[in-house]
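Colleague: structure here, sequence nowhere to be found:
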């Protein structure tokens, strides 16, 4: 599915979120400034937007992005090459639940809109904890559900009806943006996801809602 929508992915992200997704990534990466990471792993990197933002804000020595979608990685590599950042950012095909890195490899780990796609959420969370160095920090961006009336109702109508229609017409994949709504509904957001972080070994876990609760930043440390 992600291979199918790869050519349209960046455009649809900006269009369907009215460009707000850019500020979400920027705010998420800013949460890592305190630890000044030199090495960073971006899980479910997609087209490398988070990896690129990390280099812009954090000036790390090394960023590795990993994803199972080869077509998304191809788009990401083109973007990285255009910015002459290939010596710093490398993208690899791989499974987030079986990361091909030794224990304690990275100062920071990021995931943007990817944890809800993990087949086994707790396994993926434990894997990211394994490759994180002691004292390292994780930053996760993920969709969540707003609670304020009537914004909650408008959001669900848009997410369930309008967004899949636009996505289907633009990306030519009838399943992709219907899946987006379904996966968000099934995901344990807010306090429920913080509990998952607690359970899988992270400490000092926090959730910061963005844009009336459409998206949340989750942070924790190893």
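Modeller: Thanks, I have it. Predicted model, so just to flag it, every value in this text is computed and none were measured.
Colleague: which residues sit against stretch 69-89?
Modeller: Stretch 69-89 has contacts (Cβ atoms under 8 Å, 6 or more residues apart in numbering) with 2-4, 6-7, 9-10, 45-48, 51-52, 55, 60-65, 67, 91-93. (C-beta placed from N, C-alpha, C; glycine too.)
Colleague: quick one: contacts for residue 104?
Modeller: For residue 104, the contact set (Cβ under 8 Å, 6+ apart) comprises 131, 132, 133, 134.
Colleague: my guess is residue 5 contacts residue 12, does it?
Modeller: Yes - assessed by Cβ atoms under 8 Å, residue 5 is found in contact with residue 12 at 7.4 Å.
Colleague: quick check, distance from the longest helix seen in the chain to the centre of its chain.
Modeller: Counting residues, the longest helix found in the chain (DSSP state H) is helix 70-82. Helix 70-82 has its average C-alpha position 16 Å from the chain's average C-alpha position, going by Cα atoms, centre = their mean, to the nearest Å.
Colleague: next SSE downstream of it?
Modeller: Where DSSP states H and E defines the elements, the next helix or strand beyond helix 70-82 is strand 89-93.
Colleague: list the buried ones in that following strand?
Modeller: For strand 89-93, the neighbour count (16 or more other Cβ atoms under 10 Å) marks 89, 91 as buried.
Colleague: what does the following helix or strand past it contact?
Modeller: As assigned by DSSP H and E, the chain's next helix or strand after strand 89-93 is strand 106-112. Outside strand 106-112, the residues within contact range by Cβ under 8 Å, 6+ apart are 24-25, 28-29, 32, 35, 37-44, 46, 49-50, 54, 60, 64, 96, 128, 131-133, 136-142.
Colleague: which elements pack onto the helix or strand that comes right after strand 106-112?
Modeller: Heading C-terminal from strand 106-112, the first helix or strand you meet, by DSSP H and E, is helix 121-131. Using 3 or more Cβ pairs under 8 Å, 6 or more residues apart in numbering; DSSP states H and E, the elements in contact with helix 121-131 are strand 39-43, strand 106-112, helix 191-199.
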